[in-house]
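Novice: Build the 3D model from these lines:
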Amino acid sequence: EVQLVESGGGLVQTGGSLRLSCAASGFFFNAYDIGWFRQAPGMEREGVSCITPSNGRAQVVDSVKGRFTVSSDSAKNTVYLQMDSLQPEDTGVYYCKMFVRDWTGTPRIYYWGQGTQVTVSS
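Specialist: You can find the predicted model right below:
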């Protein structure tokens with residue numbers, strides 16, 4: 001059974017930093033990507049970043065560019081989201097999602113973690 005476990009959330013003041021972790025287990029495939037998403041109260045879930053652990057290619061959305069960095073440790077099957085210069089609008093529940101790709105490279109199977117709360121106080 002594939003499991004994704006997020007950790008590292010918490011309460012931080014504006015301008016502070018947090019590092020989120022997404023630990024994956026129970027899988028044997030290597031063609032996958034890990035995305036970070038967040039959901040603020042009353043808002044839709046939005047994508048924040050995505051990384052392909054097999055080659056390290058990563059990207060983040062414009063709203064967090066220069067503040068958030070995504071990385072991976074393949075030996076630990078863990079993806080990290082380093083969040084610096086946090087702002088109140090970064091508050092929300094942060095989720096990681098695994099996209100498993102088929103032989104054509106198309107994402108076909110998805111797994112979600114349970115989420116971790118990030119609260120940035122002003």
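Novice: drop to CA atoms for contacts and neighbour counts, all remaining ones
Specialist: OK.
Novice: From the rest of the structure, what touches the helix-or-strand element of the chain with minimal mean pLDDT?
Specialist: Every helix and strand of the chain was ranked by mean pLDDT, DSSP states H and E. The lowest is strand 107-112, at a mean of 92. Applying C-alpha atoms under 8 Å, 6 or more residues apart in numbering, the contact partners of strand 107-112 are 2-4, 32, 95-102.
Novice: Mind exporting the C-alpha coordinates of the longest strand that the chain contains to PDB?
Specialist: As assigned by DSSP state E, the longest strand anywhere in the chain is strand 92-101. Below are the C-alpha coordinates for strand 92-101, written out as PDB (Å, rounded to 0.1, in the frame of the first residue of the first chain):
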ATOM      1  CA  GLY A  92      -3.100  26.500   4.700                       C
ATOM      2  CA  VAL A  93      -2.900  22.700   4.800                       C
ATOM      3  CA  TYR A  94      -0.100  21.500   2.600                       C
ATOM      4  CA  TYR A  95      -0.400  18.100   0.900                       C
ATOM      5  CA  CYS A  96       1.900  16.100  -1.200                       C
ATOM      6  CA  LYS A  97       0.700  14.000  -4.100                       C
ATOM      7  CA  MET A  98       2.400  11.200  -6.000                       C
ATOM      8  CA  PHE A  99       1.700  11.000  -9.800                       C
ATOM      9  CA  VAL A 100       2.700   7.600 -11.100                       C
ATOM     10  CA  ARG A 101       3.300   7.700 -14.900                       C
END
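Novice: Work out the sheet partners of it and label each with its direction, please.
Specialist: Strand pairing for strand 92-101, using DSSP bridges, gives strand 32-39 (antiparallel), strand 107-112 (antiparallel), strand 116-121 (antiparallel).
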